[in-house]
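Q: need coordinates for the below:
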Amino acid sequence: MDIIEKIRAKARSNIKTIVLPEYEDRRTIEAAKIIEKEKIANVILLTKDKIVEADKDRYVQQFYDMNKAKGLDLDAVKNIFEDNLYYAAMMTREGKADGFVAGASHTTPEMARAALRCLGVVERLGTACSCFIMVVPESKLGEQGAFVFADCGIVPDPTSRQLASISVSAAELAKKVLDFQPRVAFLSYSTHGSAKGRLVEKITEALRLAKTLSPEVLMYGEIQVDAAIVPEVAQIKYPDSPLKGRANVLIFPNLEAGNISYKLVQRLSNARAIGPIMMGMNRPCSDLSRGCIPEDIVDCVAVTAIRAQ
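A: This is a model prediction of the structure:
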């Protein structure tokens, strides 16, 4: 059984309810049919007839109460809720759904705003971020070709504290969704002091903070990507690395590096890229690439369902 089928099978083992607000997108419609046929989740395709006006009025008032201090007036909130995305997010907040997935026809900033405003950020972590589950065919690197890449979608230039939170979220997702013990690499242009400078110092500080948040997780940095994932290179560059060239969770120093890297791996190796999966929120949700295919939506729904189990 390959990693994609394992994810779908795990979602089937404990069915959860996931909302898809982009009901007019043909890919979302097709994905909903696949999800129902394969019994991956109880999916709600949020067509207009599924909107309960009394619930919508209540959500509008709740959202207004949560955000009025930020200068939003009630009319502005009513306008925001003309987009089903916010109704789906509030359904998830309230527990009428276990999670929501969107992004086929919304940008990542739109999706992130809805999730942040409606779900809020886990207090212990304090950082909303995202990751991709990357599945590289015919590869023995990582976890038999599987990796978690973070952050590839939300935080442009993370601080050390944010990088630490990103790493903890990514490690927890790897363990929960993929059932493997996370081995986390904080990536850099330097390996174990081979270079100096502010950017390297940011990574080493991030590692220190991450270990205080999750001392039980195997983590190391700063480290170059080849030394992180190729055992033979690790033996040359840093033989004493606790990762031994077997990292399966890769933490990128900034959004630019993460976004470029996942797209390069996806296109050059024909890898599956599941995500961007949003992390650090109080309830699970997932973004999508606007270039997604129906199978991508199915897999993001499966991951979101597992996280809700």
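Q: how does the protein divide into domains?
A: By the record's domain assignment, the chain is partitioned as 1-120+283-309, 124-280 (automatic domain parsing).
Q: will you turn those into a markdown table that also has mean pLDDT and mean neighbour count?
A: Any C-beta I mention is one placed from the backbone N, CA and C, and that applies to glycine too. Formatted as a markdown table, these follow (pLDDT from 0 to 100; neighbours: other CB atoms under 10 Å):
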| stretch | mean pLDDT | mean neighbour count |
| --- | --- | --- |
| domain 1-120+283-309 | 91 | 19 |
| domain 124-280 | 93 | 20 |
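Q: show me where the stretch 151-300 of the chain has its strands.
A: Secondary structure of the stretch 151-300 of the chain (DSSP state E, counting those that start in this stretch): strands at 183-187, 218-223, 249-251, 272-279, 285-286.
Q: right, and these - which one's nearest residue 31?
A: Taking CB to CB, strand 285-286 is the member of the strands of the stretch 151-300 of the chain nearest to residue 31, at 12.1 Å.
Q: list the neighbouring strands of the closest one plus their orientation.
A: Using DSSP bridges, the strands paired with strand 285-286 are strand 99-101 (parallel), strand 272-279 (antiparallel).
Q: include distance to residue 118 when you put those into TSV, please.
A: Shown next, in TSV, are the strands paired with strand 285-286 (distance: least, CB to CB, whole Å):
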stretch	distance to residue 118
strand 99-101	9
strand 272-279	12
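Q: and those strands: which comes nearest residue 181?
A: strand 272-279 (18.3 Å).
Q: what does that closest one contact?
A: Here strand 272-279 makes contact (CB atoms under 8 Å, 6 or more residues apart in numbering) with 4, 7, 103, 108, 111-112, 115, 128-135, 150, 152-154, 166, 169-170, 173, 262-263, 265-266, 284-289, 296, 299-300, 303-304.
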